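Student: Got a predicted model here, sequence first, then my questions.
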Amino acid sequence: MATPANWEHGDDVIILPAVSDEAARAKYPQGWQQPLPYIRVVPQP
């Protein structure tokens, strides 16, 4: 996971592009938001 430049504790985080959708589903079974095809956002774990 990665954080945006203006990230604060408790904000959403970004699933790295190197992580496949399959691997992301295993780690984040609740799913994620995808505002752009290359950005996947989840609540901070």
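Tutor: That came through, no problem. Just so it is clear, the model here is predicted, and its values are computed rather than measured. Residues are numbered from 1 along each chain as shown.

Student: which residue sits farthest out from the middle of the protein?
Tutor: Relative to the centre of the chain, the most outlying C-alpha is that of N6, 15.4 Å out, by CA atoms, centre = their mean.

Student: Phi first, then psi, for that residue.
Tutor: When read as degrees, to the nearest 10, the backbone of N6 gives phi -100, psi 20.

Student: can you tell me how far it sits from G31?
Tutor: As defined by CB to CB, to the nearest Å, N6 lies at a distance of 24 Å from G31. The C-beta positions use only the backbone N, C-alpha and C, and glycine is treated the same way.

Student: again, but for D12
Tutor: Per CB to CB, D12 is found 13 Å from G31.

Student: And these two? Which one has more around it.
Tutor: Between D12 and G31, counting by other CB atoms under 10 Å, D12 is the more crowded of the two (14 against 10).

Student: and the closest residue to that one other than its chain neighbours, what helix or strand is that in?
Tutor: In space, D12 comes closest to V41 once its chain neighbours are excluded; the distance is 4.8 Å by CB to CB, 6 or more residues apart in numbering. For V41, the host element (DSSP states H and E) is strand 39-42.
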